[in-house]
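J.: sequence and computational prediction follow.
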Amino acid sequence: RGYKAYKDLKGSYDFGSFRLEIDHVQGDPFAAPSRISVLVPAARAGLPEELWATRSRKTALEDILGKAVAAAIGRHVKGRRGIGKSGEIAIATSGQQVLRRNAVLVGEFGVEARLTLGLPAAGRTILARDAEEMLFGELPQVVAAGLLFAQLSGDEVRRHVASVEDQDVLRGWLAAEGLVAFVADGSILPRRTGIDDRPLAAGAIPFASPQSLLRSATLPNAGEIRGMAVPAGVTLIVGGGFHGKSTLLHALELGVYNHRPGDGREQVATERFGPRTAAPSSTSTSARLSTTSPWAATPSTSPPKTPAAAPRRRPTSSRPWSAAATCCSSTKTPRPPTS
């Protein structure tokens, strides 16, 4: 049958342990994949209520469930079948940061995961057997491994939720203490590469605060931590080449976001609306930062350039110009606008 036959799949299906909603069916194998939703009832999911009792905890729980679904897809989904995006199952997750997303939603109803699914085809012909394997074989395994609390590591989930909650508390502590940033001792700030945001695998030097800026803070889950507290005002960071100045600044820049446990920056916090400014090399500038925008611009103090005078155009005709002459006149009557 032709690929349009997949349009008949749109609708709701009860799989017993979960409900599948096929919200949108792609038009061809090369189009954006089909959109599906998986809803697991609260009794079946078994998520402890204390893990999503607050907004901070709920965001953290949704994040780790999305991570678990992505890992389950990697283990149980065969992948590409046919042409285009055939055979792919995917979920949108963030990187090292913990952000509010709608890929996974947790509430009193249970848990809902929103995924994309590439319905398989060979040319313009559907691959019904492969589609059956994806929907009735692979998808139930992904749901069981990624959304059922009994199949997850309870200690890992609780540690993830507690870490994110501590980061929100730490960021609130900054405002109460008149600080703009905090970097805990022992944090791992270097990244693997410029395009890989994971922590440096080996050879990274843990951060150690200078005594002049050393402060301690008490968090609800981690307890007392010590590190560098950056006060409001001007703080100068100096050092030789490859001594970590940019690494520290980059960590402070991303400190407005929460990070996953094990990232190395999960106890690095910056005030929520901390702007980042940059000046060109060897250029004198003065920054005036707006307190209303987190992305305030840095105006330049260099004098404005005077535009060069336009060269005079040579006359195209030797006929003398008459002041009485009129230009660009028209005898047409303008038409009224039409509705």
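T.: Now that the structure is in, tell me what you want to look at.
J.: next, V38: phi, psi?
T.: phi -120, psi 120 (degrees, to the nearest 10).
J.: now swap in the one 4 residues further on and tell me
T.: The main-chain torsion angles of A42 are listed as degrees, to the nearest 10 and equal phi -60, psi -40.
J.: pull out the buried residues from stretch 188-197.
T.: I188, L189, P190, R191, D197 (16 or more other C-beta atoms under 10 Å). Where you see a C-beta, it was placed from the backbone N, CA and C, and this is true even at glycine.
J.: of those, which belong to strands?
T.: Using DSSP state E to define strands, the subset of these located there is R191, D197.
J.: okay, the buried residues of stretch 188-197 in CSV with pLDDT and distance to S17 next?
T.: Shown next, in CSV, are the buried residues of stretch 188-197 (pLDDT from 0 to 100; distance: C-beta to C-beta, whole Å):
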residue, pLDDT, distance to S17
I188, 97, 40
L189, 97, 43
P190, 96, 44
R191, 96, 40
D197, 94, 35
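J.: so which of the buried residues of stretch 188-197 is the closest to A5?
T.: Closest approach between the buried residues of stretch 188-197 and A5, by C-beta to C-beta: D197, at 42.1 Å.
J.: tell me who's in contact with that closest one.
T.: For D197, the contacting residues are G95, Q96, R191, by C-beta atoms under 8 Å, 6 or more residues apart in numbering.
J.: now stretch 232-241, how far from the chain's geometric center?
T.: 29 Å (C-alpha atoms, centre = their mean, to the nearest Å).
J.: contact partners of that stretch?
T.: Applying C-beta under 8 Å, 6+ apart, the set of residues contacting stretch 232-241 from outside is G178, L179, V180, K245, L248, L249.
J.: out of everything not next to it in sequence, what's closest to the second one?
T.: Of all residues beyond its chain neighbours, the one nearest L179 is A229 (5.1 Å), with distances taken as C-beta to C-beta, 6 or more residues apart in numbering.
J.: contact partners for that neighbour?
T.: Counting by C-beta under 8 Å, 6+ apart, A229 has contacts E177, L179, A181, F182, L213, L214, R215, A217.
J.: check which helix or strand the third one maps to.
T.: What it means is A181. Assigned by DSSP states H and E, A181 belongs to strand 179-184.
J.: same for that strand, what does it pack against?
T.: helix 154-177, strand 214-219, strand 223-231, helix 245-253, strand 268-270 (3 or more C-beta pairs under 8 Å, 6 or more residues apart in numbering; DSSP states H and E).
J.: redo that, cut-off 7 Å
T.: Counting contacts by 3 or more C-beta pairs under 7 Å, 6 or more residues apart in numbering; DSSP states H and E, strand 179-184 is packed against helix 154-177, strand 223-231, strand 268-270.
J.: can I get those in a markdown table with distance to R129 and mean pLDDT?
T.: Below are the helices and strands packed on strand 179-184 laid out as a markdown table (distance: least, C-beta to C-beta, whole Å; pLDDT from 0 to 100):
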| stretch | distance to R129 | mean pLDDT |
| --- | --- | --- |
| helix 154-177 | 36 | 97 |
| strand 223-231 | 55 | 97 |
| strand 268-270 | 50 | 97 |
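J.: winner for burial among the ones you listed?
T.: strand 268-270 (a mean of 27; mean count of other C-beta atoms under 10 Å).
J.: now the most centrally placed residue in the chain, nearest residue through space, not along the chain?
T.: Note on the chain: the residue nearest the mean C-alpha position is S94, at 4.8 Å, using C-alpha atoms, centre = their mean. Setting aside the residues directly before and after it, S94 is nearest to R101 in space (C-beta to C-beta, 6+ apart), at 6.6 Å.
J.: ok, F149 next?
T.: Using C-beta to C-beta, 6+ apart, the closest residue to F149 is G46 (4.2 Å).
J.: same question, L152
T.: A68 (5.9 Å).
J.: and of the contacts of D197, the nearest to G255?
T.: Checking the contacts of D197 against G255 by C-beta to C-beta gives Q96 as the nearest, at 12.4 Å.
J.: so that closest one makes contact with D263?
T.: Yes. Counting by C-beta atoms under 7 Å, Q96 does reach D263; the two are 4.8 Å apart.
J.: more neighbours: those two, which one.
T.: Taking neighbours as other C-beta atoms under 10 Å, Q96 and D263 compare with D263 leading, 22 against 19.
J.: and that one, how far is that from V183?
T.: Per C-beta to C-beta, to the nearest Å, D263 is found 13 Å from V183.
J.: coming back round to it: can you lay out the helices and strands packed on strand 179-184 as TSV showing distance to Y13?
T.: Formatted as TSV, the helices and strands packed on strand 179-184 follow (distance: least, C-beta to C-beta, whole Å):
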stretch	distance to Y13
helix 154-177	28
strand 223-231	48
strand 268-270	44
